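K.L.:
give me a model of this one.
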Amino acid sequence: MRQFVQRSLNDLLCPFPQLGASFEVSLSLTLPSPSESAQLALFAPYCGGRSREGELQQALRLLAQGSLSGLRPVKQTAGHGFNFTWQGARSPLEMSSCQLSFPESPAVRYAFDVETHQLVEWLMDWDEQAGPGDLPDNFWTWLLLGEAEIKQDA
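P.N.:
From the prediction side, this is the model:
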């Protein structure tokens, strides 16, 4: 029966196969984004559980944005502006591709992949209370010390 249905569909779509014409049907399925409550349930075990639910909700909203611009304070200077972008995954253990750039220094650019729950944890600590936002200190420590170690091992 399946062969008959497939053949009938092909006959409808390409009624003149003897002329060398062909037609292929391609179907793709795009899954909808998980709801906010589903994302909370997925990420909570990796990101502080219910004790940080408010920060997690905000971080998941930031995750959906795909980018942030901020300012890293540096003593005795105005600080360093930065752009942080990512292509986030839908689950905590999938890898997210991230890029960090500095508009004042275009040659300085970091590209790295991290598990999405790690990205979300950094976004949970995004601080924009006193002006432009900044990533947490543990991000900068990881970037400057941890990322360097990873590149040397590669």
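K.L.:
just want the most central residue of the chain.
P.N.:
For the chain, the residue nearest the mean C-alpha position is Gly88 (1.1 Å; Cα atoms, centre = their mean).
K.L.:
which pLDDT value belongs to that residue?
P.N.:
On the pLDDT scale, Gly88 is placed at 71.
K.L.:
and it, how far from Leu135?
P.N.:
From Gly88 across to Leu135, the span is 15 Å (Cβ to Cβ, to the nearest Å). Any C-beta I mention is one placed from the backbone N, CA and C, and that applies to glycine too.
K.L.:
please name the residues that touch the residue lying closest to Ser67 once chain neighbours are set aside.
P.N.:
Spatially, and ignoring its direct neighbours in sequence, Ser67 is nearest to Thr85 (4.2 Å; Cβ to Cβ, 6 or more residues apart in numbering). Residues in contact with Thr85 (Cβ atoms under 8 Å, 6 or more residues apart in numbering) are 66-68, 98-99, 101.
K.L.:
direction included, what does the helix or strand where Thr85 lies pair up with?
P.N.:
According to DSSP states H and E, Thr85 maps onto strand 80-87. Strand 80-87 pairs in its sheet with strand 67-72 (antiparallel), strand 95-102 (antiparallel), by DSSP bridges.
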